[in-house]
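Engineer: what's the 3D shape of this:
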Amino acid sequence: AEGAVFEVAVNQANTAASNLESRLDEDILPEDNVAGDPPEPAPLSEGPLWTLIMLVAAALIAVEWATYHRRKTV
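Structural biologist: Below you'll find the model as predicted:
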């Protein structure tokens, strides 16, 4: 039964195939260079919009923090 595929009845509506062949028989690992070189990172001006939104939110929080503490200490 080497390399044979058996069908296993899970219930009356579904069946599942099972391959009993050993995974160690073949070298199934991908080659090292399949993915190729990594892509160049996008410049900040071409980045996603959420980056700009997060920078604006951080600036707004910094301004709010500064004005709050200025009112408390002066």
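
Engineer: immediately after the helix or strand of the chain with the lowest mean pLDDT, which helix or strand?
Structural biologist: Across the helices and strands of the chain, the lowest-confidence element by mean pLDDT, DSSP states H and E is strand 15-19, at a mean of 59. Using DSSP states H and E, the helix or strand that directly follows strand 15-19 along the chain is helix 49-73.

Engineer: which strands and helices sit next to that next one?
Structural biologist: Of the remaining helices and strands, none touches helix 49-73 by 3 or more C-beta pairs under 8 Å, 6 or more residues apart in numbering; DSSP states H and E. In this view, the C-beta of every residue, glycine as well, is placed from N, C-alpha and C.

Engineer: could you give me the average pLDDT of it?
Structural biologist: For helix 49-73, mean pLDDT is 87.

Engineer: and residue 60, how far is that from residue 50?
Structural biologist: Using C-beta to C-beta, to the nearest Å, one gets 15 Å for the distance from residue 60 to residue 50.

Engineer: again with residue 40
Structural biologist: Distance, residue 40 to residue 50, by C-beta to C-beta: 20 Å.

Engineer: compare the two (neighbour count), which wins?
Structural biologist: A direct count of neighbours by other C-beta atoms under 10 Å for residue 40 and residue 50 places residue 50 higher, at 9 against 6.

Engineer: tell me which residues touch residue 65, please.
Structural biologist: By C-beta atoms under 8 Å, 6 or more residues apart in numbering, the contact set of residue 65 is empty.

Engineer: done for today, thanks.
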